[in-house]
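Trainee: Next comes the sequence, and after it the predicted model I'd like to discuss.
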Amino acid sequence: MSAIDTSRQPQQPQPETQTSTYLAGVDIGGTKCAVSIGRAWGNQVDILDKRRFATPATPQQAMDAIINDLDELMRSHPAEAIGISCGGPLNSRQGVILSPPNLPHWDHVDVVTPLKERFGIPVALQNDANAGAIAEWKWGAGRDCENVIFLTFGTGMGAGLILNGKLYTGTNDMAGEIGHVRMESDGPIGYGKAGSFEGYCSGNGIAQLARTMAQTAIREGKPPIFALHYDVLSSVTAENVGAAAQQGDPLALRVFEIVADKLGRGLAMLVDILNPQRIIIGSIYGRQRSLLEPRTLQILREEAIPYAGEVCQIVPAELGESIGDLASLSVALNLLETLQPQRSLHRENH
């Protein structure tokens, strides 16, 4: 498979002139799991091979399948470390997954120890937002920064924090739960809270907001093109609403104006509190950037401390559909750098 060039420089040494590091990654999701092998060198990474399979019914079946695939992949490319990315909540220090909403029956499941015992190499676990932050920091839109925030902005809204050149996870892995912050006293529900940041700025939240507004519009005889009558309201998605907005539907445009307003306010809080160099926004922001960016940046300029806002760039994520595989591989690389910093696996210009 082709390499992902993660350098901002026009010339890069070829992998033959640098030390290559082989990494294994495991991405555990609610519907599918992926196991991959990659090679990192300098500021670049290859995904050499990978396996995907539907997430089994039980954690034990999943771990058996993961170990089997890692066995096969590492025969050709023995990895130096294994990184695991999974939705939270989890305990990264203990390597335990703690009942994520999209993984029923995964209650206090130790995913690190079985892999460490089977393969005899370092293994680390991180939630998907933290793993995405590491990947974008090492190989994506944040690779020349020391202070980076990565916002998932997908089905939900989570944040991964790179502060002073290190992943920051907080006292018990709960740092970065920006989606739980209340934006309004009421509104779309996200992270179990009406009017939360995730309620407004996530795929589920956008769909909720659009359904509520469309219901009123239909009753008034002015239905939007994404919901012409009541019986289609339940099937409205953020993608439907985005497509309608791109076609100029007034209600869909209003939905995205509200989302952009809340996104700008959320970004301003992050800028004021953490003073980052770059905030990288994934998924929906990249797909609907033309709808979101102008209003979002306007609100950010109005709300943030100017001196902090001037040094912070707001950019879409760069890694796209590869981020799941690269996130787990980046967890493995970050682990090696933490254990053996003298190897200088990270950016040589730092």
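Mentor: Sure, I can see it.

Trainee: Test my guess that Leu48 contacts Gly38.
Mentor: Yes - between Leu48 and Gly38 there is a contact at 6.0 Å, judged by Cβ atoms under 8 Å. The way it works is simple: take the backbone N, C-alpha and C, and place the C-beta from them, glycine included.

Trainee: Of the two, which one has the most company?
Mentor: The residue with more neighbours, out of Leu48 and Gly38, is Gly38; 28 against 15, by other Cβ atoms under 10 Å.

Trainee: so what's that one up against?
Mentor: 22-25, 45-48, 325-326, 329 (Cβ atoms under 8 Å, 6 or more residues apart in numbering).

Trainee: The same query, at a cut-off of 7 Å, please.
Mentor: With contacts defined as Cβ atoms under 7 Å, 6 or more residues apart in numbering, the neighbours of Gly38 are 23, 25, 45-48, 329.

Trainee: Of all pairs in the residues you listed, which one is the farthest apart?
Mentor: Greatest spatial distance in the contacts of Gly38: Gly25 and Asp46, 12.2 Å, computed using Cβ to Cβ.

Trainee: So which of the two has more stuff around it?
Mentor: Gly25 (30 against 20).

Trainee: What pairs with the helix or strand that one falls within, parallel or antiparallel?
Mentor: Assessed by DSSP states H and E, Gly25 sits inside strand 21-28. Using DSSP bridges, the strands paired with strand 21-28 are strand 32-41 (antiparallel), strand 81-86 (parallel).

Trainee: Retrieve the pLDDT associated with Ser2.
Mentor: At Ser2, the model reports a pLDDT of 36.

Trainee: Arg347 now?
Mentor: At Arg347, the pLDDT value in this model is 46.

Trainee: Quick check: the nearest residue to Thr19 once chain neighbours are set aside vs Leu274, distance?
Mentor: Counting by Cβ to Cβ, 6 or more residues apart in numbering, Trp41 is the residue found nearest to Thr19 once chain neighbours are left out, at 6.6 Å. Going from Trp41 to Leu274 by Cβ to Cβ, to the nearest Å gives 31 Å.

Trainee: residues near Tyr67, how many?
Mentor: To be clear, residue 67 is Ile; Tyr isn't right here. Ile67 has 16 neighbours, counted by other Cβ under 10 Å.

Trainee: Just confirm it is within a helix.
Mentor: Yes - judged by DSSP: H, G, I helix; E, B strand; the rest coil, Ile67 forms part of a helix.

Trainee: Can you show me the helices along the stretch 201-350 of the chain?
Mentor: Secondary structure of the stretch 201-350 of the chain (DSSP state H, counting those that start in this stretch): helices at 203-219, 238-246, 250-274, 284-287, 289-303, 306-309, 323-339.

Trainee: Burial-wise, tell me which of these comes out on top.
Mentor: Highest mean neighbour count of these: helix 323-339, a mean of 25 (counted as mean count of other Cβ atoms under 10 Å).

Trainee: mind checking which helix or strand of this protein has the lowest mean pLDDT?
Mentor: Each helix and strand of the chain was given a mean pLDDT (mean pLDDT, DSSP states H and E); the minimum falls on strand 3-5 at a mean of 42.

Trainee: Verify the stated contact: Phe197 with Met183.
Mentor: Yes - assessed by Cβ atoms under 7 Å, Phe197 is found in contact with Met183 at 5.4 Å.

Trainee: Quick check: neighbours shared by the two?
Mentor: Listed as contacting both Phe197 and Met183 by Cβ under 7 Å, 6+ apart are Lys262.

Trainee: more neighbours, those two?
Mentor: More crowded of Phe197 and Met183, by other Cβ under 10 Å: Phe197, with 27 against 21.

Trainee: Quick check: the more buried one vs Ile279, distance?
Mentor: Per Cβ to Cβ, Phe197 is found 13 Å from Ile279.

Trainee: How about the secondary structure of Ala124?
Mentor: Looking at Ala124 with three-state DSSP, the answer is strand.

Trainee: Make residue 1 into 39 and carry on from there
Mentor: In the new numbering, first residue 39, that becomes Ala162.

Trainee: Return the residues in contact with Leu330.
Mentor: Leu330 touches 294, 297-298, 301, 323, counting by Cβ under 7 Å, 6+ apart.

Trainee: Also Gly194?
Mentor: Contact analysis of Gly194 by Cβ under 7 Å, 6+ apart lists 217, 228, 236, 240.

Trainee: Poorly predicted segments of the stretch 39-188 of the chain, please.
Mentor: Where the stretch 39-188 of the chain drops to pLDDT under 70, the residues are 39-56.

Trainee: Ala248 contacts Val279, doesn't it?
Mentor: Yes - if you go by Cβ under 7 Å, Ala248 and Val279 touch, sitting 4.4 Å apart.

Trainee: Any chance you could list residues touching both of the two?
Mentor: Residues touching both Ala248 and Val279 (Cβ under 7 Å, 6+ apart): 264, 293.

Trainee: List phi and psi for the residue of the chain most remote from its centre.
Mentor: The C-alpha centroid of the chain is most remote from Gly259, which lies 39.4 Å away (Cα atoms, centre = their mean). Gly259 has phi and psi values of phi 80, psi 20 when expressed as degrees, to the nearest 10.

Trainee: And stretch 206-220, what's buried?
Mentor: Within stretch 206-220, the residues scored as buried using 16 or more other Cβ atoms under 10 Å are 206-207, 211, 213-219.

Trainee: Name the surrounding residues that touch that stretch.
Mentor: With contact meaning Cβ under 7 Å, 6+ apart, stretch 206-220 is reached by 128-130, 167-168, 194-199, 228-229, 231, 233-236, 240, 304, 308.
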